[in-house]
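**Q** need coordinates for the following:
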Amino acid sequence: MLKKISWNHSFTFFLLLFAAATSFSIALTQIALTLAVILWLGLCLKEKKKPFPRTPLDWFFVAWLFMEIISTLFSPGRYLALEHFVKRALLIPIVYLIAGSLQTRKQLRWLLLSLLGVMTIVAIIGIVKYHLGPGGLEGRLKLFNHYMTSGGLLMINGLLALAFVFSRAPRRVRLIALAAAVLMFFPLIYTYTRSSWMGYLAGFAFIILFTRWKLIFALIPAVLLAFWAAPPSLQDRLTSVVDPWHPNNIERTFMWQAGVRMVQHSPLYGYGDSEVGKRSEPYKSPQAKERAGHLHNNLLMFAVILGIPGLLVVLGLFIRILATEWTTLKSLAADDWLLSGTALGALAAFIGFQINGLFEWNFGDAEVAMLMWLTVGMSLAAGRLRSASD
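**A** This is a model prediction of the structure:
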């Protein structure tokens, strides 16, 4: 009995460590995830139960991995493409680990506390760091990695916290969630990452529309007021979002045009994930100046990497995730604030991730993609917990 308890406690420790470390260390996150998976498999083997549940996403994952293998085999840079494919494939078990191992509401609460609690602490450190630095675009906030990675992490965690602010949770819980959301909002702004801002706004709008739709009419004047109160450097960054002639936006356009030409050149199985930025150079306009490692758009990157058939498979997976998370959210009673808040936050985070991905290759950012898959697993776990209690 002691060994069984010790085994369970060890697994729980590394699972919570994995969630907590997503905010500040990719190395610790990967180590904790690996150990959690190993312990979970061992625990299931000892108890003679299936480690991973069946989900509505299974065959979509299989089809996606198949298309990745095909594109890798035909890639001009086969070994590098294989390396990147394996890195993406190894993140998929996160979905099944979370969906299968969270078997009680208490476990889900601890996971949320680890995830959002540590992110809040990191956000406070980020606020202090930013105000001690030069500020503005010159001092774009980096929590522990690139400012775009920081923006993606803050966006997803911020939306998870906001979901509980607008849930029917006890007042104490909503106030704590509000404090966490506010503390994450400011460092998100300080990253000056426009795509993360847009993803956050889209996820926030969805939360309001689902819970208190009349408040959407207050969101627009609130955004305008915030814009008016913002410093000039922030105002310039915000207006650049809708300025088609802004230098950064023009460079994005050149990248996307090059990506379309690459797809036209290899539409069936793509190039594989091998130095896409470098391979796009011959397809760019002579006016292009920026040399990037990717094309700043998830769908275009998948089209270049996997070809059009692979892009359709990935689109099918994304649509299936949206449909599954929406079905889960609709099936949960609003009074069950823990499960409904989790499902709402997960869906808002996935919407934000997709909007973010229209202007960034965030699927290729391991830290952000890892957190996104974690939220998908949490949504599936919420649905399973609801079914278990019926």
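**Q** export stretch 102-118 as CSV, just CAs?
**A** Coordinates of each C-alpha in stretch 102-118 appear next as CSV, following Å, rounded to 0.1, in the frame of the first residue of the first chain:
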residue,chain,number,x,y,z
LEU,A,102,-7.2,13.8,-14.1
GLN,A,103,-9.8,11.6,-12.5
THR,A,104,-11.1,13.8,-9.8
ARG,A,105,-12.1,17.5,-9.4
LYS,A,106,-9.4,17.9,-6.7
GLN,A,107,-6.7,16.9,-9.2
LEU,A,108,-8.0,19.4,-11.7
ARG,A,109,-8.0,22.1,-9.1
TRP,A,110,-4.4,21.4,-8.2
LEU,A,111,-3.4,21.4,-11.8
LEU,A,112,-5.1,24.8,-12.4
LEU,A,113,-3.5,26.2,-9.2
SER,A,114,0.0,25.1,-10.3
LEU,A,115,-0.5,26.4,-13.8
LEU,A,116,-2.0,29.8,-13.0
GLY,A,117,-0.3,30.3,-9.7
VAL,A,118,3.2,30.1,-11.0
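**Q** what are the contacting residues of it?
**A** Residues from elsewhere that reach stretch 102-118 (Cβ atoms under 8 Å, 6 or more residues apart in numbering): 12, 15-17, 19-24, 98, 101, 157, 160-161, 177, 180, 338-339, 342, 374, 377-378, 381-382, 384-385, 388. All C-beta atoms are positioned from the backbone trio N, CA, C, and that covers glycine.
**Q** how about a cut-off of 7 Å?
**A** For stretch 102-118, contacts defined as Cβ atoms under 7 Å, 6 or more residues apart in numbering pick out 16, 19-20, 22-23, 157, 160-161, 180, 338, 342, 381, 385.
**Q** please identify the buried residues of it?
**A** By 16 or more other Cβ atoms under 10 Å, the buried positions in stretch 102-118 come out as Leu102, Gln107, Leu108, Trp110, Leu111, Leu112, Ser114, Leu115, Leu116, Gly117, Val118.
**Q** how far off centre is it?
**A** Put simply, stretch 102-118 sits 18 Å off its chain's centre (Cα atoms, centre = their mean, to the nearest Å).
**Q** equivalent analysis for stretch 307-323, please.
**A** Mean C-alpha position of stretch 307-323 versus that of the full chain (Cα atoms, centre = their mean) differs by 16 Å.
**Q** ok, stretch 113-126 next?
**A** Distance, stretch centre to chain centre, for stretch 113-126: 16 Å (Cα atoms, centre = their mean).
**Q** what is the mean pLDDT for it?
**A** With pLDDT averaged residue by residue, stretch 113-126 scores 96.
**Q** tell me the span between the first and last residue of stretch 72-86.
**A** 10 Å (Cα to Cα, to the nearest Å).
**Q** could you list the buried residues of it?
**A** Thr72, Ser75, Gly77, Ala81, Leu82, His84, Phe85.
**Q** same question, stretch 6-13
**A** Trp7, Phe11, Thr12.
**Q** picking up where we left off before, of all the contacts of stretch 102-118, which two lie farthest apart?
**A** Ser23 and Leu385 (24.5 Å; Cβ to Cβ).
**Q** those two: who's more crowded?
**A** Taking other Cβ atoms under 10 Å, Ser23 and Leu385 do not tie; Ser23 has more neighbours (27 against 20).
**Q** next up, phi/psi of the more buried one, please.
**A** Backbone torsions of Ser23, given as degrees, to the nearest 10, read phi -90, psi -20.
**Q** show me the contacts for it.
**A** Ser23 neighbours (Cβ under 7 Å, 6+ apart): Val118, Met119, Val122, Leu153.
**Q** with secondary structure added, can I get these in CSV?
**A** Formatted as CSV, the contacts of Ser23 follow (DSSP: H, G, I helix; E, B strand; the rest coil):
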residue, secondary structure
Val118, helix
Met119, helix
Val122, helix
Leu153, helix
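**Q** reformat those residues as CSV; add distance to Leu329.
**A** Shown next, in CSV, are those (distance: Cβ to Cβ, whole Å):
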residue, distance to Leu329
Val118, 25
Met119, 22
Val122, 28
Leu153, 23
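**Q** out of those, which comes closest to Ser240?
**A** Nearest to Ser240 out of the contacts of Ser23 is Leu153 (Cβ to Cβ; 22.5 Å).
**Q** count of residues packed around the closest one?
**A** When neighbours are counted by other Cβ under 10 Å, Leu153 registers 29.
**Q** does it touch Met370 like I think?
**A** No: at 9.6 Å, Leu153 and Met370 do not qualify as touching, with contact defined as Cβ atoms under 7 Å.
**Q** would you agree Phe52 is in contact with Tyr96?
**A** Yes: using Cβ under 7 Å, Phe52 makes contact with Tyr96 at a distance of 3.9 Å.
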